[in-house]
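Novice: Prediction below, plus the sequence it came from.
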Amino acid sequence: MPAVTEDEVMSALKQCYDPEIPVNIVDLGLIYGLRFTPAPDDHQDVSIDLTLTSQGCPAHVQIGEQVKARVEQLPGIRNAAVNIVWNPPWSPERLSADARKQLGIE
């Protein structure tokens with residue numbers, strides 16, 4: 001089974017949304033990093049560094065569960081671990097051009 005690529009994981013993550021903002025978490029700039037580790041039977045484990053728009057974000061559990069479930073649906077992924085990180089703090093500069101357009105920020 002070919003290894004899952006970072007692009008494939010990021011594409012899957014574009015289907016995950018912050019429930020309070022109608023923009024996917026990739027375009028929001030919430031994904032800080034991915035790390036792949038070989039797992040048995042030609043599978044991989046992936047560790048995802050995810051931040052949130054604010055430390056008091058009530059949706060962090062929901063977003064983390066959504067990310068884990070979506071990535072674990074990819075063929076070849078055995079386990080996805082979601083790490084909530086706060087460094088560097090998220091800021092609107094991390095928004096993609098698509099996210100800015102969707103949110104009306106030019």
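Specialist: Perfect, I can see it now. Residues are numbered from 1 along each chain as shown.
Novice: If I look at the residue lying farthest from the centre of the chain, what pLDDT would I see?
Specialist: Relative to the mean C-alpha coordinate of the chain, counting by Cα atoms, centre = their mean, the farthest residue is residue 41 (24.8 Å). At residue 41, the pLDDT value in this model is 90.
Novice: how near is it to residue 91?
Specialist: The span separating residue 41 from residue 91 equals 41 Å under the rule Cβ to Cβ, to the nearest Å. Any C-beta I mention is one placed from the backbone N, CA and C, and that applies to glycine too.
Novice: same thing with residue 42?
Specialist: For residue 42, the distance to residue 91 - Cβ to Cβ - is 39 Å.
Novice: Please report how far the residue farthest from the centre of the chain lies from residue 34.
Specialist: Counting by Cβ to Cβ - residue 41 and residue 34 are separated by 21 Å.
Novice: and if you look at residue 65?
Specialist: Taking Cβ to Cβ as the measure, residue 65 falls 18 Å from residue 34.
Novice: could you list every residue that touches the nearest residue to residue 4 once chain neighbours are set aside?
Specialist: Leaving aside its sequence neighbours, residue 4 sits nearest to residue 76 (Cβ to Cβ, 6 or more residues apart in numbering; 4.7 Å). Listed by Cβ atoms under 8 Å, 6 or more residues apart in numbering, the contact partners of residue 76 are 1, 2, 3, 4, 42, 43, 44.
Novice: quick one, phi psi at the fifth one?
Specialist: Translated: residue 42. Dihedral pair for residue 42: phi 60, psi 20, per degrees, to the nearest 10.
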